[in-house]
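Trainee: need coordinates for the below:
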Amino acid sequence: MTLSPSVIVPVSFNRRLKNRVVQGLVWLAFAVAVVPLISVLWLVVKNGAARFDTEFLTHSMRNIGARDAGGGAYHAILGTLEQVGVATLISVPVGLLTAIYLVEYGQGRRLSRSISFFVDVMTGIPSVVAGLFVLAFWVLVLGLGYSGIAGALALSILMMPTVVRSAEEMLRLVPNELREASYALGVPKWKTITRIVLPTALTGIVTGVMLAIARVAGETAPLLLTVFITDSINTDPFKGPQMGLPLYVFDQAQRPNVTAVDRAWAGALTLILIVMLLNLVARLISWWRSPAKGR
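Mentor: Below is the predicted model:
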């Protein structure tokens, strides 16, 4: 029996038209998402570049009057780096261990379902609620006062759900064949997790951590309730009020003079650059420690 050769049916005009329409809608959606982002970045760069100089990065606002042209955000930059750093040290280990339990140990357990439920609830908590909680417990009940560590605790509450969810999803993407091959060689489960699972999911976990950092780096409400505002340099996050870049932008933007508004724009530009730099460093670290590099 002879088989008839396959016939290539030309694509109809209606299908080509639908394809072009869908492509146009995709590009339109892309433009709707990207154009506002580019416009915001351009606006911040244009207005903040005039005041973004060495003096701004190396001086604080101490002894600077409301209408004086000098001053800078060094105290706010230092405070933001310390507060976000402490919040990361608190939230990342807790969030990563929680994700490991949910994926590797908590399958089908009631505790696992309860943890997942509370993580979902924490994801929707407004930032001001986290600040109010730390204010009530840390500042008012314990009487420890305003400090950078109080702000870091509030930020860590906001970071944990993002870290847990992102790490959980990345760990679930690791093929079970890798785990089974490790178990077949007699490797213990804890060593399989630390040597096989975590390195494989490292890039995604780092991306999730950076999303969490970017989410809290610009928060103002929890810092306003827990850190307070100061014009002086405070290098000790455990004692006394400590400035942060979001607070600095908020404080300068509400002052009715051009010099203060220029400092607010420069502070916003500095915050964007810090987040971008941290993302770049994290991507380089995850690339260097990736399994493909054998490190």
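
Trainee: may I have stretch 41-51 as PDB, with CA atoms only?
Mentor: Once non-C-alpha atoms are left out, stretch 41-51 reads as follows in PDB (Å, rounded to 0.1, in the frame of the first residue of the first chain):
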ATOM      1  CA  LEU A  41      13.500  56.000  36.500                       C
ATOM      2  CA  TRP A  42      14.000  58.900  34.100                       C
ATOM      3  CA  LEU A  43      12.200  61.300  36.400                       C
ATOM      4  CA  VAL A  44      14.200  60.200  39.500                       C
ATOM      5  CA  VAL A  45      17.500  60.400  37.600                       C
ATOM      6  CA  LYS A  46      16.800  63.800  36.000                       C
ATOM      7  CA  ASN A  47      15.700  65.400  39.300                       C
ATOM      8  CA  GLY A  48      18.200  63.600  41.600                       C
ATOM      9  CA  ALA A  49      21.400  63.900  39.500                       C
ATOM     10  CA  ALA A  50      21.800  67.600  40.300                       C
ATOM     11  CA  ARG A  51      22.300  67.000  44.000                       C
END
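
Trainee: and Trp138, what does it touch?
Mentor: Taking C-beta atoms under 8 Å, 6 or more residues apart in numbering, we find Trp138 in contact with Leu144, Ala150, Leu153, Thr226. (Each C-beta comes from the backbone N, C-alpha and C, glycine too.)

Trainee: then Ile77?
Mentor: When contacts are counted by C-beta under 8 Å, 6+ apart, Ile77 touches Leu57, Leu245, Thr270, Ile274.

Trainee: hmm, 10 Å instead?
Mentor: For Ile77, the contacting residues are Phe56, Leu57, Thr58, Ser60, Met243, Gly244, Leu245, Tyr248, Gly267, Thr270, Leu271, Ile274, taking C-beta atoms under 10 Å, 6 or more residues apart in numbering as the criterion.

Trainee: which of the contacts of Trp138 sits closest to Gly131?
Mentor: Distances from the contacts of Trp138 to Gly131 were compared by C-beta to C-beta; the smallest belongs to Thr226, at 5.6 Å.

Trainee: what sits against that closest one?
Mentor: Taking C-beta under 10 Å, 6+ apart as the criterion, Thr226 is in contact with 83, 130-135, 138-139, 145-155, 241-242.

Trainee: 7 Å instead, please
Mentor: Residues near Thr226 by C-beta atoms under 7 Å, 6 or more residues apart in numbering: Gly131, Val134, Leu135, Val139, Tyr146, Ala150, Gly151, Ala154.

Trainee: now it: phi and psi?
Mentor: phi -120, psi -30 (degrees, to the nearest 10).

Trainee: tell me, how many neighbours does the closest residue in space to it that isn't next to it in sequence end up with?
Mentor: Leaving aside its chain neighbours, Thr226 sits nearest to Ala150 (3.9 Å; criterion: C-beta to C-beta, 6 or more residues apart in numbering). The criterion is other C-beta atoms under 10 Å. On that basis, Ala150 has 29 neighbouring residues.

Trainee: and stretch 116-136, how far from the chain's centre?
Mentor: Mean C-alpha position of stretch 116-136 versus that of the full chain (C-alpha atoms, centre = their mean, to the nearest Å) differs by 16 Å.

Trainee: which non-adjacent residue is nearest Glu104?
Mentor: The spatial neighbour of Glu104 that comes closest, neighbours along the chain excluded (C-beta to C-beta, 6+ apart), is Ile193 at 5.9 Å.

Trainee: quick one: that neighbour and Tyr248, what's the gap?
Mentor: Spatial separation of Ile193 from Tyr248 under the definition C-beta to C-beta, to the nearest Å is 41 Å.

Trainee: among the two, which residue is more densely surrounded?
Mentor: For Ile193 versus Tyr248, the count of surrounding residues by other C-beta under 10 Å is larger for Tyr248: 29 against 19.

Trainee: quick check: mean pLDDT of the top helix by length along the chain?
Mentor: Once the chain is assigned using DSSP state H, the helix that runs over the most residues is helix 13-48. Per-residue confidence for helix 13-48 averages out to 90 on the pLDDT scale.

Trainee: for it, buried residues please.
Mentor: By neighbour count, with 16 or more other C-beta atoms under 10 Å as the criterion, the buried positions of helix 13-48 are Val44, Asn47, Gly48.
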